[in-house]
Structure formats: C-alpha cells, structure tokens
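*Asks:* Structure for the following, please:
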Amino acid sequence: MITFKAIVIPGNRRKDGTFPVVIRVTFKGKSRRLATTLVCRSADLTRTHRIKDATILNKADALIGRMRDAVKDISPFDLEDRDVDWVVGKIKDSLSGEDFRLDFFDWADKYVMTKAETTRSAYTSALNAFARYLGRREIDINAVSRQMLLEFMEMVDNEPRMHYDRKAGKTIPSSVPKKIAKGASSRHITKLEHIFNAARDRYNDEDADRILIPKQPFSKIPKVHPASIGERNLGEELMQKIISYQTDNRVMRTALDVFILSFGLMGANIADLYFAKPFTGQWVYNRAKTRERRADRALMKVTIHPELEAVIGRLKGEGGWWLNELHTFASSKDFCTARVNRCLRQWCEEQGVESFTFYAARHTWATLARKAGIDKSTIDDCLAHIGDYKATDIYAEKAWDLIQEANKKVLDLFSWN
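*Replies:* Residues are numbered from 1 along each chain as shown. Okay, the predicted model is just below:
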C-alpha cells in the first residue's frame, strides 16, 4: 500500500523563518520525500511541527490527490517487484506531464532543419497551411485533435491556390482561379504527422512509463494520394517522339533535354542534375531526395551511355557544373523545376497530347524496364528506392553491373539518331 502525508521537517527552517512542505511517500516500509511549492510559517504549525493551517492542508490534500491518481491504475501484481523509488519516479513523471507544454510550431521549426534541403519546402508549405487554418502560428502539441485535422484538410482542399507574395511578405491566394488538386491536404497531413510523431519519439519514454504526449490524433485520419499528372508512364511512342523532337527554341530544347537525360539516367531528379559536379566516365552521386533516410546515403552510380552524349553536349555549356546550361536556364533548383514543367506543359499543348511533368521521366523508365524483362528488385536498385531492407540489403553491395545493363536495355528500346 502506498501512503502519502504532508509534513514539514523541523530542522529544515529557511532563513526567512518559513518551513517548506514536503509530501512523504511510503511504500513497503520505506519513505521518500517529494518537494512542493507550499511553505508554512511557525504560526501555521503546532508545537510538534504538524501543519494546522486549513488553507495549506487543503492545498496539500489536492496535491496528494493528484499523486494518488498517478498510481491508482497500477495493479497490485505490477507493484510486487517495484520499490519506493519507482513509485516516486512514476509520480514525478505524472506531475511533470501535467505541466508539459510544447509549441507545435517551435518544435516543427527545429525538426524541419534536420531534413534535407530538398524536402524542407514541403514541410514549410504544410506548416504555413496549418497556420492559416489556426489563424496563428502557435498551438500546444497536446491540443492538436483529430477533429481539428479533419477541418484543416477540408480547408486545404477547398481553398484557392496559394503563393508567397514578396511585397506583402506573406502567403496569399493566387489570382489563378484553379483549385488545388484533391490530395494536397493528405500531403500536408503526412508532413505534419512526421513532425508530431518525431515529438512523441523525443519526449515519450514508454520503458519508463513517461508519456508526455499521449494522444495520436493522426492515427485515424483518412489520406488520399491521387497520382499527379507527372506520375504516369508516357509509353514508348510518346517517349520516342520527345527524343526525336527538333527545335531551335533554346528554352524548349533545354527543358526537353533535361527530361530526356533524367529518363536516360534512370530517373535522376533535377536537384541532382542541377548540382552535379564535372566527372569522367561514371556519374557517382547521393540522391538528394532520400539520402538523409538511407543508411547507404542513397548512393547511385550511373554509366553515361553513348546514346546520351548529344543531349549532355547541349547541356554542358561552360562553367563549374556538369550541366552548366541548367544554371543559365534557371537561377535556382526550384525555379529550374518550375520552368521545365512549364515548358513541358507548353510542348504538350502544341503536340496535342495529355499533359505531364518532369517526374514522368522516372515513372516511364520504371514501367519500360518492367516491359524489358528487368526484375522488380533490380528496378528498385536502379531508382534508389528505399525498399524493405533486410540483412542482405545492409551488408551486400549493389550489383552495379546489373544496374548498368538494365539501363542499357531500356535505352535500346529507342532510336537515338
């Protein structure tokens, strides 16, 4: 049985003449004292130093009630192998949990800085949208609820397209009337969930029964991730049309060339192409999008096959990067992506074909690789997919020769003259 009693220690008198009140916790014949913020004057005590002031006793009883609540659900069987120090630890954790406060946005700002630069913008976009829903940029993490998140998703899926206005210094509705595609809210929710779960991992300690963030509001939130216009296979015929297309428009030529090169390099992202340093023979890099999430740093080795030499020649230009033309084409990686996609949409309109974006190069390569008879495991390696890592994935190096052969099989499906 666990007992509690509010007491003062006669020899623990402060310089100002007051006595601090402590709660004595007794279990299995042993006692420990828990400090409180309560104090007694000499007039509040009897001659034997018992507390007699009713106000102090009521406050002490309320505190003892909270301590009893902290241990009331522990079964006698669980207490058999426990000692008084464990009981006191349980009480302390419970009381500290009552006072635990963590601003979701303050934590999010720190968390986002641990992510790769290429993924930070997605988190920032989600946080900005959440702040628009709340009407402020602060909320205690334990105040985030499932109903709140559902209302947030509804707002995102129905608000107009947003953009950052430099003059206004904030995100405002765009003049473009087009609605954000359904599924934008799911992408935002996924990012917010990552932030929330990271906080739970940081502040909760289940082994010590220390749960400061008990709720899991994201666990039953329905998510819909419709395929975007970029996430589709173009097919051999359309891909061949892109490869063979001729134009004197330098901007359009650059956009098509970087799309073709991404396809020819097994779905390389613009971030990796934009920042690639000059090399000879084989391009070795760590895929920016997933390198922070992979034990192998998403290492990629890509042989530059002769079919791609003409495309690379047009993109090389002069300067300190491998593809200097991309830096002439756009002043930043993000602007490069946006400009390429704008050109691709324009090309689709001119050719009378369904619109696609830069990411279609990666999906097309994966689909045609399957069609060429390449097994799924090799395709995953070619695309640097995260996959389901087993012991063999950790200790066995990728079969780079097989990866290069797989890429050559896909390139051989086309005429490059």
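*Asks:* Point out where this protein drops to low pLDDT.
*Replies:* Applying pLDDT under 70 to the chain flags the ranges 96-99, 161-164, 170-183, 206-210, 224-231, 386-397.
*Asks:* longest strand of it?
*Replies:* strand 30-40 (DSSP state E).
*Asks:* Tell me the buried residues in that one?
*Replies:* Counting neighbours by 16 or more other C-beta atoms under 10 Å, one finds that the buried residues in strand 30-40 are R32, L34, T36, L38, C40. C-beta coordinates here come from the backbone N, C-alpha and C atoms, glycine included.
*Asks:* any idea how far the residue nearest to V284 when sequence neighbours are not counted lies from N269?
*Replies:* Distances taken as C-beta to C-beta, 6 or more residues apart in numbering place K301 nearest to V284, at 5.1 Å, with adjacent residues excluded. Using C-beta to C-beta, to the nearest Å, K301 is found at 16 Å from N269.
*Asks:* Tell me which of these two has more neighbours.
*Replies:* N269 (21 against 12; other C-beta atoms under 10 Å).
*Asks:* Quickly note the distance from the more buried one to N142.
*Replies:* Taking C-beta to C-beta as the measure, N269 falls 37 Å from N142.
*Asks:* still on that earlier bit, state the pair within the buried residues of strand 30-40 that is farthest apart.
*Replies:* R32 and C40 (20.3 Å; C-beta to C-beta).
*Asks:* Using CSV, write down the CA coordinates of the longest strand of the chain.
*Replies:* Provided in CSV are the C-alpha atoms of strand 30-40 (Å, rounded to 0.1, in the frame of the first residue of the first chain):
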residue,chain,number,x,y,z
LYS,A,30,10.4,2.8,3.1
SER,A,31,9.8,6.5,2.6
ARG,A,32,10.8,9.3,0.2
ARG,A,33,10.0,13.0,0.3
LEU,A,34,8.7,15.0,-2.6
ALA,A,35,9.3,18.7,-2.6
THR,A,36,6.3,21.1,-3.1
THR,A,37,5.9,24.8,-3.6
LEU,A,38,4.0,25.1,-0.3
VAL,A,39,5.6,26.8,2.8
CYS,A,40,4.5,27.2,6.4
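*Asks:* Please name the strands paired to it in the sheet, noting orientation.
*Replies:* Strand 30-40 has its sheet partners listed here by DSSP bridges as strand 19-27 (antiparallel).
*Asks:* Helices of the stretch 201-350 of the chain, start to end?
*Replies:* Along the stretch 201-350 of the chain, the stretches classed as helices by DSSP state H, counting those that start in this stretch are 235-244, 250-264, 270-274, 309-316, 324-329, 333-351.
*Asks:* circling back to that earlier point, now tell me what touches the longest strand of the chain from outside.
*Replies:* With contact meaning C-beta atoms under 8 Å, 6 or more residues apart in numbering, strand 30-40 is reached by 6-9, 14, 18-25, 51, 53, 56, 59-60, 63, 67, 83-85, 88, 91-92.
*Asks:* who's in contact with the spatially closest residue to A255 that is not a sequence neighbour?
*Replies:* Leaving aside its chain neighbours, A255 sits nearest to C343 (3.4 Å; criterion: C-beta to C-beta, 6+ apart). If a contact means C-beta under 8 Å, 6+ apart, then C343 has V251, M252, T254, A255, L256 as its contacts.
*Asks:* so which of those comes closest to Y133?
*Replies:* Relative to Y133, the closest of the contacts of C343 is A255; by C-beta to C-beta it sits at 35.7 Å.
*Asks:* can you pull the contacts of K59?
*Replies:* Neighbours of K59 in contact, by C-beta under 8 Å, 6+ apart: L38.
*Asks:* Where does it fall, secondary structure wise?
*Replies:* Element membership for K59 (DSSP states H and E) is helix 54-71.
*Asks:* now that helix against strand 30-40, angle please.
*Replies:* Per axes from the mean of the first three to the mean of the last three C-alpha atoms, to 10 degrees, the angle that helix 54-71 makes with strand 30-40 is 140 degrees.
*Asks:* Pull the distance from whatever helix or strand comes next after helix 54-71 to the chain's centre.
*Replies:* Remark: after helix 54-71, the chain's next helix or strand is helix 76-79, criterion DSSP H and E. When distances are taken as C-alpha atoms, centre = their mean, to the nearest Å, helix 76-79 is centred 40 Å away from the chain's centroid.
*Asks:* before we move on, what about stretch 196-214?
*Replies:* Relative to its parent chain, stretch 196-214 has a centroid offset of 17 Å by C-alpha atoms, centre = their mean.
*Asks:* do stretch 205-221 as well
*Replies:* 18 Å.
*Asks:* can you give me the end-to-end distance of that stretch?
*Replies:* End-to-end span of stretch 205-221 (C-alpha to C-alpha, to the nearest Å): 25 Å.
*Asks:* Any chance you could list what contacts that stretch?
*Replies:* Contacts to stretch 205-221, defined as C-beta under 8 Å, 6+ apart, come from residues 89-90, 93, 96-97, 100, 102, 141-142, 144-146, 148-150, 153, 189, 192-193, 196-197, 199-200, 203-204.
*Asks:* Same question for stretch 133-152.
*Replies:* The contact list for stretch 133-152 (C-beta under 8 Å, 6+ apart) reads 100-107, 129-131, 155-156, 185, 188-189, 192, 196, 199, 213-215, 217-218, 220-221.
*Asks:* Any idea how far apart the tips of it sit?
*Replies:* 6 Å.
*Asks:* same thing with stretch 283-293?
*Replies:* Taking C-alpha to C-alpha as the measure, stretch 283-293 stretches 21 Å from start to finish.
*Asks:* Show me what counts as buried in that stretch.
*Replies:* Buried-residue list, stretch 283-293, by 16+ other C-beta under 10 Å: W283, Y285, R287, A288, T290, R291.
*Asks:* okay, among the residues you listed, which ones form the most distant pair?
*Replies:* Within the buried residues of stretch 283-293, two members stand farthest from each other by C-beta to C-beta: W283 and T290, at 16.8 Å.
*Asks:* Show me what the strand or helix carrying D85 is packed against.
*Replies:* Element membership of D85, judged by DSSP H and E, is helix 84-98. Other helices and strands packing on helix 84-98, by 3 or more C-beta pairs under 8 Å, 6 or more residues apart in numbering; DSSP states H and E, are strand 19-27, strand 30-40, helix 54-71.
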